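Engineer: sharing a sequence plus its predicted fold:
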Amino acid sequence: MATPLEKWVEQQAQLTKPDDIYWCNGSEEEAHRIIERGISKEKINGAPVFSKLNQSAWPNAYYHRSHPTDVARTEHLTYVCHADKETAGPNNNWMAPAEAMEKMRKLSDGCMRGRTMYVLPYMMGHPDSPYAKPCIQLTDSAYVAASMRIMTRLGNAVIDKIGARENFVKGLHSIGDLNPERRLIMHFPDEKFVWSIGSGYGGNALLGKKCFSLRIASWQGYQEGWLAEHMVVMGIEDPEGKVTYIAAALPSACGKTNLAMLQSALPGYKIWPLGDDIAWMNVGSDGRLYAINPEAGFFGVAPGTSMKTNPNMIRTLKNDKFFPTLFTNTALNKITNEPWWEGLDYPEGADMEDWQGKTWNPSMSAKAAHPNARFTTSIYNCPILSKEYDNPGGVPISAIIVGGRRAHLVPLVTEAFNWQHGVFHAARMGSETTAAAAHQIGVVRRDPMAMLPFCGYNMGDYFRHWLSIGKKMANPPKIFSVNWFRTDENGSFIWPGFGDNIRILKWIIERTNGKAGAKKTAIGFVPAKEDLDMTGLSMEPEKLDGILSVNIKDWKPELEDTKKFLQQFGERMPAEIWQEFAALEKEIGG
Ligand code: GTP
Ligand code: SPV
Ligand code: MN
């Protein structure tokens, strides 16, 4: 007799009508075959899905160009279909579930014709972890199938784990005709089902990532008492060998991958990453917060990544341990057959094609790589991967960082007075928008906890949930906010960032141990410049003072914008958040 899983796959095939169905087992040999199909059979925009890159410079690496209209997440086409609109909240697009299902059924009828349907059994989290979730995604794209092998733990064991269960996590994905007018990413949280059509891009198409592990998992976490967050998880080893674990929420394309892989500018400090994008966090029996990274790979922003900014990522990308590594929408050097992007040195004598295949040279004003060009590579390629990565129980978190990209106003680092104040910090967080989503770039929007596009339910309830998690902990982590992105009058970054961010992490760790000094300001504790370890970095003292200062009178517009944002949630916004707001308002004055 067919299992519920087999029946479900059969039903989806009846609707989408693929030429054939292929059940993936996750083996390396199979990954080679999928890549091969992407080279010789499947096409995007008339061109092969993959081409092989220079294997001696970039082992296991393949190049992919997406459809030019399909380069980033499309938040306006993303819906969370709870039974009622209130539950989805003003932070989500909403459609009634029955209407959404009907719409998707129409769009999906026959959408896989002429293509293979790949059945991808994958696990989010280590299989031995009590937090792991067995999932199935169907897709008609070799690019998506290959990417899911990198980003998740994919294999037959998941099918055994699902067994006769009905309630496994489901994802149905088709690239459709890649027309943005027929593109939709629909979430059905109560059914743990994501239905996505019309895009092959990361967050729209790799359904284990943002769709399940954040939007749907955040809803599960709300109901079950845990947190699914858009956060880095990393260990920081001090010169005495003590490792402190932290989690950090920074909005899309605002520095998570770089933070997770940081090469310390301070001698004696070492970084051990566990994850660069998603954290699932549970309160342990000892009253501490424990985090796991449910993913198994990095889907990172290529532009800006170099031996100077992020040597550990370049080493990861050049590692040949796990097959394959993918480069999407970077430029391509036709002479050496290597990927290229802004931030790398321009290769002597290059014959460069831009991300769309057009001849390009550095005198052109347009960028060669798409600003949201990405690499996809296994976490096991990372030479500094934390030995705790595969620990099913996760790691205890001592500090939580929230941050944003702000050219002005927001100081380099601030420590919240306590958990409730920290949740308010997160609630009022703003960030300038980036190329990770299709929208106007560089405008400040509120992006609490870097979760605005990913919180799968009403954000007022989300803050209440955070407050209640805080009350469950005997030892809650301290909460800090950071901003690496202050600019000067020429628009240049004032803080060197990247490996120098260890100076801030060191202060944060010392604060959690009660060691480092700080000044009390209206928004929280901020280090004086003497409190930071600036060994080996020369920076004009006035500049450092500038990015550490809080001129509370300047915060008035920020407060007004925060008020507008919080008011949208009406009765759902907890009184504690308004209490904190009132306290700040009082400091700022009239
Ligand atoms: P998502 O994958 O979209 O969630 O992004 P992310 O948060 O992981 O951002 P990532 O680390 O990929 O950084 C995005 C961009 O910001 C890249 O171009 C980086 O080079 C740049 N960046 C990261 N960290 C810093 C920093 O400390 N200072 C400056 N100036 N730029 C940074
Ligand atoms: C982000 O946009 O936050 C990303 C890339 O990490 S995506 O997988 O597309 O969400
Ligand atoms: Mn992200």
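Structural biologist: Sure thing, it's come through. Ligands and ions are numbered 1, 2, ... in the order given.
Engineer: my reading is that Asp561 lies in a helix. Confirm?
Structural biologist: Yes: assessed by DSSP: H, G, I helix; E, B strand; the rest coil, Asp561 belongs to a helix.
Engineer: burial count for His439?
Structural biologist: A count of nearby residues for His439, using other CB atoms under 10 Å, gives 16. All C-beta atoms are positioned from the backbone trio N, CA, C, and that covers glycine.
Engineer: any idea which helix or strand carries it?
Structural biologist: Assessed by DSSP states H and E, His439 sits outside every helix and strand.
Engineer: helices along the stretch 401-550 of the chain, start to end?
Structural biologist: Secondary structure of the stretch 401-550 of the chain (DSSP state H, counting those that start in this stretch): helices located at 419-427, 459-472, 502-512, 541-548.
Engineer: and the first one, how far from the chain's centre?
Structural biologist: Going back to what we said before, that points to helix 419-427. Relative to its parent chain, helix 419-427 has a centroid offset of 21 Å by CA atoms, centre = their mean, to the nearest Å.
Engineer: avg pLDDT for that helix?
Structural biologist: When pLDDT is averaged along helix 419-427, the result is 98.
Engineer: quick revisit: possible to save the helices of the stretch 401-550 of the chain as a markdown table with distance to ligand 1 and mean neighbour count?
Structural biologist: Below are the helices of the stretch 401-550 of the chain laid out as a markdown table (distance: least, CB to the nearest ligand atom, whole Å; neighbours: other CB atoms under 10 Å):
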| stretch | distance to ligand 1 | mean neighbour count |
| --- | --- | --- |
| helix 419-427 | 16 | 24 |
| helix 459-472 | 19 | 19 |
| helix 502-512 | 10 | 21 |
| helix 541-548 | 12 | 14 |
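Engineer: report the contact partners of the nearest residue to Leu184 once chain neighbours are set aside.
Structural biologist: With CB to CB, 6 or more residues apart in numbering as the criterion, Leu184 has its nearest non-adjacent residue at 5.4 Å, and that residue is Leu77. By CB atoms under 8 Å, 6 or more residues apart in numbering, the contact list for Leu77 reads Pro180, Arg183, Leu184, Ile185, Gly198.
Engineer: and for the fourth one, the neighbour number?
Structural biologist: Spelled out, it's Ile185. If we define neighbours as other CB under 10 Å, then Ile185 has 27 of them.
Engineer: for Thr78, same thing?
Structural biologist: 23.
Engineer: for it, which residues are in contact?
Structural biologist: Thr78 neighbours (CB under 8 Å, 6+ apart): Asn93, Leu184, Ile185, His187, Asn204, Pro453.
Engineer: so which of the residues you listed sit within helices?
Structural biologist: Taking DSSP state H, the ones among those that sit in helices are Asn204.
Engineer: could I have the buried ones of the contacts of Thr78 as PyMOL selection syntax?
Structural biologist: Here is the PyMOL selection string for the buried members of the contacts of Thr78, based on 16 or more other CB atoms under 10 Å:
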select buried, resi 93+184+185+187+204+453
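Engineer: hang on, the earlier thing: export the helices of the stretch 401-550 of the chain to CSV and tack on distance to ligand 2?
Structural biologist: Shown next, in CSV, are the helices of the stretch 401-550 of the chain (distance: least, CB to the nearest ligand atom, whole Å):
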stretch, distance to ligand 2
helix 419-427, 16
helix 459-472, 17
helix 502-512, 21
helix 541-548, 25
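Engineer: what pLDDT is listed against Gly590?
Structural biologist: 65.
Engineer: what parts of the stretch 201-350 of the chain come near ligand 1?
Structural biologist: Selection of the stretch 201-350 of the chain residues close to ligand 1 by CB under 6 Å from any ligand atom yields 250, 252-258, 276-277, 300-301, 303-304, 309.
Engineer: how does it look with 8 Å?
Structural biologist: Proximity of the stretch 201-350 of the chain to ligand 1 is confined to 230, 232, 250-260, 276-277, 299-301, 303-305, 309-310, 343 under the rule CB under 8 Å from any ligand atom.
Engineer: tell me which of the residues you listed fall in helices.
Structural biologist: If you go by DSSP H, these have Lys256, Thr257, Asn258, Leu259, Ala260 in helices.
Engineer: related to what we said a few turns ago, between the contacts of Leu77, which is nearest ligand 2?
Structural biologist: Closest approach to ligand 2 among the contacts of Leu77 (CB to the nearest ligand atom): Ile185, at 10.7 Å.
Engineer: for the spatially closest residue to Ile479 that is not a sequence neighbour, what are its contacts?
Structural biologist: Leaving out its chain neighbours, the residue that sits closest to Ile479 by CB to CB, 6+ apart is Gly422, at 2.6 Å. Applying CB under 8 Å, 6+ apart to Gly422 gives the contacts Ile400, Val402, Ala416, Lys478, Ile479, Phe480.
Engineer: for ligand 3, see how far away the most centrally placed residue in the chain is.
Structural biologist: The residue lying closest to the centre of the chain (CA atoms, centre = their mean) is Asp277, at 3.6 Å. For Asp277, the distance to ligand 3 (CB to the ion, to the nearest Å) stands at 4 Å.
Engineer: equivalent analysis for Asn25, please.
Structural biologist: Asn25 is 29 Å from ligand 3, by CB to the ion.
Engineer: wait, that residue sits on Gly155?
Structural biologist: Yes: using CB atoms under 8 Å, Asn25 is in contact with Gly155, at 6.2 Å.
Engineer: who has more neighbours, these two?
Structural biologist: Each of Asn25 and Gly155 has its neighbours counted (other CB under 10 Å); Gly155 has more, 19 against 13.
Engineer: residue contacts, the more buried one?
Structural biologist: Counted by CB under 8 Å, 6+ apart, Gly155 has contacts Asn25, Gly26, Ser27, Pro121, Tyr122, Met123.
Engineer: model confidence score at it, please.
Structural biologist: 98.
Engineer: any idea how far it lies from Ala31?
Structural biologist: From Gly155 over to Ala31 the distance is 11 Å, taken as CB to CB, to the nearest Å.
Engineer: contacting residues for the residue of the stretch 401-550 of the chain found nearest ligand 1?
Structural biologist: Closest approach between the stretch 401-550 of the chain and ligand 1, counting by CB to the nearest ligand atom: Gly497, at 2.5 Å. By CB under 8 Å, 6+ apart, the contact set of Gly497 is Gly255, Asn258, Thr309, Trp484, Phe485.
Engineer: now swap in Cys111 and tell me
Structural biologist: Cys111 neighbours (CB under 8 Å, 6+ apart): Thr16, Lys17, Asp140, Ser174, Gly176, Ile197.
Engineer: for these, which two are the farthest from each other?
Structural biologist: Farthest pair in the contacts of Cys111 (CB to CB) is Lys17 and Ile197. Separation: 13.8 Å.
Engineer: between the two, who's got more neighbours?
Structural biologist: Taking neighbours as other CB under 10 Å, Lys17 and Ile197 compare with Ile197 leading, 26 against 16.
Engineer: residue numbers of the chain in contact with ligand 2?
Structural biologist: 72-73, 201-204, 206, 209-210, 230, 251-253, 256, 277, 299-300, 374, 436-437, 450, 453-454.
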